[in-house]
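Student: give me a 3D structure for the following:
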Amino acid sequence: MPNANIHHQKAFNMLFFLEFWERFGYYGLQAVLAAFFVRQLGMDDAESFIVFSAFSAMVYGYVALGGYIGDKILGTQRTILLGAIVLMLGYALMAFAGTDKSLVFLALGLVACGNGIFKANPASLLSKLYEDDKSRLDSAFTMYYMAVNIGSFFSMILIPIVSESHGLTLGFTICAIGLVIAILNFVFFRYLVRGLDSPAGEKPLSFAKLGGVIVAIAIMTFLSAWMLTHLTIAHWLLTIIGLSVFFIFFKMIFQSRGAERSKMIAALILIVYAIAFFTLYQQMPTSLNFFAIKNVEHSIMGFNIANAEIFQALNPFWIMLASPILAWCYSHFGNRGTDLSMPAKFTLGMLLCAISFFIVGICGRFANEAGLVSAWWIVASYFFQSIGELLISGLGLSMISKLVPQRLLGFLMGAWFLTSAISAVLGGWVAKFTAVPKDVVNPLVTLNVYTDVFMKIGVCTALMTVIMFLTIPILNRLINKENEPEGQNSTAPCEE
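Tutor: So this is what the prediction gives:
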C-alpha cells in the first residue's frame with residue numbers, strides 16, 4: 001500500500017508539472033496580448049478587446065473537440081502530446097511573426113487549436129487517477145488548479161518584463177520553451193500514468209486517424225486566423241458550436257435515468273452559473289488590465305512597477321496562497337461530512353466576485369488629483385476575485401468528475417471549458433463599455449469611465465449571487481438523489 005501511494009503521488013506530480021509548463025506558455029502570451037494589439041498592431045482599445053475575446057473564445061471553444069479526440073479517436077495521452085506540440089509551434093510562430101498581422105493571427109490560430117486539443121485531457125487523466133477515491137477529488141483538483149496559477153504567476157511577471165527590456169520576440173520564445181519542457185516532462189514520465197486512458201487510447205495507434213486529426217488541425221488553424229479578421233463569423237461559429245454542444249448535453253440528459261439524470265441537470269445549471277462568472281473573469285486581461293495601466297499608481301510599498309501588465313500576476317499570486325488552505329479545508333471538513341456543498345461553494349465564489357468589483361467601483365472616490373488610485377485597491381480587488389475563481393473555476397472540473405458518468409467525461413469536460421469560450425465573447429462586449437478613444441489619455445476622464453462600469457458590474461453580480469443562493473437547496477437535492485431500487489419505475493437496465 002505505501003508503494004502504491006508513492007506511485008500515486010508521483011503520477012499526480014507529473015500531471016501537476018505538465019499543467020504548470022503548459023499554462024506558463026499560455027498565460028505569458030495572454031499577459032501581453034491585448035496591449036500588444038494596441039501598441040504593435042495599431043488597434044484601439046475597443047477593437048483589441050473584441051479581437052482578444054474572439055481569440056479567447058476559440059481557445060476554450062475548441063476544448064470540447066479535444067475532449068472528443070481524446071475520448072474517441074486518439075486516446076487521452078496521445079492527444080495531450082499532440083496538443084502540446086501544436087502549442088509549441090504556435091508560440092514559436094508568434095516569436096517569428098513580429099508585427100505581421102497575418103502571421104500573428106496564424107500563430108494565434110495554432111495556439112487556439114493546440115489549447116483546444118490539450119486542455120481537457122490532463123484533467124481527464126487526473127479524474128481517472130482518483131476514480132476510486134472521490135472524497136479526495138476537490139482537494140486534488142484544487143492543488144492541480146494551483147499548478148495552473150503557479151505557471152501563470154511566473155510567466156505573467158517574467159514575460160512582460162522580458163518583453164519590455166528585450167522585445168516580444170524573446171518573450172514569446174520563452175513561452176515556446178515552456179512547452180518544450182512540458183513535452184519532455186510528459187514523454188519521460190508518461191510511464192507513471194500507464195493504464196490510465198480512454199478506451200481509444202488502449203487500442204494501437206491508427207496512423208490514418210492521426211493523419212486525419214493533423215489535417216483537421218491545419219484546416220482549423222487557417223480558419224481560425226481568417227476568423228480573427230472576420231469577427232462576426234467567428235462569433236456565429238462559436239454560437240453554433242456552443243448550441244451543438246449543449247444540444248448534445250441535453251440529449252445525454254434525456255437518455256439518462258434516475259440519479260444520473262438528476263446529477264447531470266445539476267451540472268448543467270452550475271455550468272450556466274459559471275458562464276456568468278467567467279464573463280467577469282475575462283475583465284482581468286482586458287478592462288481591469290487597462291485600468292491598471294491608465295489609472296493605478298505604478299508603485300507599491302516603495303517599489304516601482306515598470307510594466308503595469310504585471311498587476312495581472314496578482315490573480316495567480318492569491319490563488320497560490322489560498323489553494324493549499326482551501327485544499328486542506330475541503331479534505332478536513334469533507335472527512336467530517338461538514339464541507340460546503342458544490343452549489344454553496346459556487347455561490348460564495350460569486351459573492352466574492354461581486355465584492356471585488358465593488359472595490360474597484362468605489363476606489364475612484366479616493367483618487368489623487370492626477371486621477372490615479374493606490375495600487376492597494378487593485379490588490380484587494382484581485383484578492384476577492386481570485387478566491388472566487390478558486391471556488392468556481394478551480395472546482396469546476398471536480399464538479400464535472402463527480403456529477404457525470406465516466407463514459408462521457410472527456411466530452412463534458414470540454415463542455416465545461418466551452419463556458420469560458422462563451423464568456424470570452426460576453427466579456428469582450430462588457431469590456432467595450434470601458435473603452436475610450438485613442439486620443440483620450442487624461443486619467444481624470446478614464447477614471448470615471450472605468451469606475452462607473454465596475455460599479456454596475458458589481459450590482460449585477462450581487463443580484464446573480466442572490467439567485468444562486470436561492471437555488472442551493474434545489475441543486476443539493478438533485479446532486480444527492482439516489483437511484484431507486486431495481487425494478488421500481490426503471491426503464492433502463494442497471495449498469496455495473
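Student: how many neighbours does residue 441 have?
Tutor: For residue 441, the count of nearby residues is 10 (other CB atoms under 10 Å). Placement of C-beta: from N, CA and C, glycine included.
Student: residue 193 is in contact with residue 15, correct?
Tutor: Yes - using CB atoms under 8 Å, residue 15 makes contact with residue 193 at a distance of 7.4 Å.
Student: spit out the residues that contact the two alike.
Tutor: 125, 129 (CB atoms under 8 Å, 6 or more residues apart in numbering).
Student: ok, residue 49 touching residue 433?
Tutor: No - using CB under 8 Å, residue 49 makes no contact with residue 433, being 9.7 Å away.
Student: which residues do these two both contact?
Tutor: Common contacts of residue 49 and residue 433 (CB under 8 Å, 6+ apart): residue 287.
Student: residues contacting stretch 97-113, please?
Tutor: In contact with stretch 97-113 (CB under 8 Å, 6+ apart) are residues 26, 29, 40-41, 55, 58-59, 62, 86-87, 89-91, 93-94, 96, 169, 217, 220-226, 228-229.
Student: run a quick neighbour tally on residue 219.
Tutor: Each residue near residue 219 was counted by other CB under 10 Å, and the total is 11.
Student: mind checking which helix or strand it is in?
Tutor: Element membership for residue 219 (DSSP states H and E) is helix 207-227.
Student: and what of residue 339?
Tutor: Applying DSSP H and E, one finds residue 339 in no helix or strand.
Student: pLDDT at residue 414, what is it?
Tutor: You'll see residue 414 listed with a pLDDT of 67.
Student: tell me which of residue 49 and residue 433 has more neighbours.
Tutor: Neighbours per residue (other CB under 10 Å) separate residue 49 from residue 433, with residue 49 holding more: 29 against 16.
Student: which residues are in contact with that one?
Tutor: Contacts for residue 49 (CB under 8 Å, 6+ apart) come out as 34, 286-287, 428, 431-432, 435.
Student: mind doing that once more with 7 Å?
Tutor: 34, 286, 428, 431-432, 435 (CB atoms under 7 Å, 6 or more residues apart in numbering).
Student: how about residue 280?
Tutor: By CB under 7 Å, 6+ apart, residue 280 lies in contact with 353, 457, 461.
Student: any of those residues buried? List them.
Tutor: Buried members of the contacts of residue 280, counted by 16 or more other CB atoms under 10 Å: 353, 457, 461.
Student: rewinding a little: quick check, nearest of the contacts of residue 49 to residue 418?
Tutor: residue 428 (16.0 Å; CB to CB).
Student: and the pLDDT at residue 137?
Tutor: Looking at residue 137, its pLDDT is 64.
Student: typo on my end, it should be residue 340
Tutor: On the pLDDT scale, residue 340 gets 81.
Student: do residue 483 as well
Tutor: Residue 483 carries a pLDDT value of 60.
Student: and the helices in the stretch 301-450 of the chain, which stretches?
Tutor: Assigned by DSSP state H, counting those that start in this stretch, the helices in the stretch 301-450 of the chain fall at 314-336, 342-362, 375-403, 409-432, 443-480.
Student: could I get the fourth one in PDB with only the CA atoms?
Tutor: Extracted C-alpha coordinates of helix 409-432, given in PDB (Å, rounded to 0.1, in the frame of the first residue of the first chain):
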ATOM      1  CA  LEU A 409     -16.100  12.600 -19.000                       C
ATOM      2  CA  GLY A 410     -13.800  13.900 -21.800                       C
ATOM      3  CA  PHE A 411     -16.600  15.400 -23.800                       C
ATOM      4  CA  LEU A 412     -18.300  17.100 -20.800                       C
ATOM      5  CA  MET A 413     -15.000  18.400 -19.500                       C
ATOM      6  CA  GLY A 414     -14.800  20.000 -22.900                       C
ATOM      7  CA  ALA A 415     -18.300  21.400 -22.400                       C
ATOM      8  CA  TRP A 416     -17.100  22.900 -19.100                       C
ATOM      9  CA  PHE A 417     -14.300  24.700 -20.900                       C
ATOM     10  CA  LEU A 418     -16.800  25.900 -23.500                       C
ATOM     11  CA  THR A 419     -18.300  28.100 -20.800                       C
ATOM     12  CA  SER A 420     -15.100  30.100 -20.900                       C
ATOM     13  CA  ALA A 421     -15.500  30.400 -24.700                       C
ATOM     14  CA  ILE A 422     -19.000  31.800 -24.400                       C
ATOM     15  CA  SER A 423     -17.900  34.000 -21.600                       C
ATOM     16  CA  ALA A 424     -14.900  35.300 -23.500                       C
ATOM     17  CA  VAL A 425     -17.200  36.800 -26.100                       C
ATOM     18  CA  LEU A 426     -19.600  38.200 -23.500                       C
ATOM     19  CA  GLY A 427     -16.600  39.500 -21.500                       C
ATOM     20  CA  GLY A 428     -15.200  41.300 -24.600                       C
ATOM     21  CA  TRP A 429     -18.500  43.100 -25.000                       C
ATOM     22  CA  VAL A 430     -18.600  44.100 -21.400                       C
ATOM     23  CA  ALA A 431     -15.100  45.400 -21.600                       C
ATOM     24  CA  LYS A 432     -16.100  47.500 -24.600                       C
END
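Student: many thanks, have a good one.
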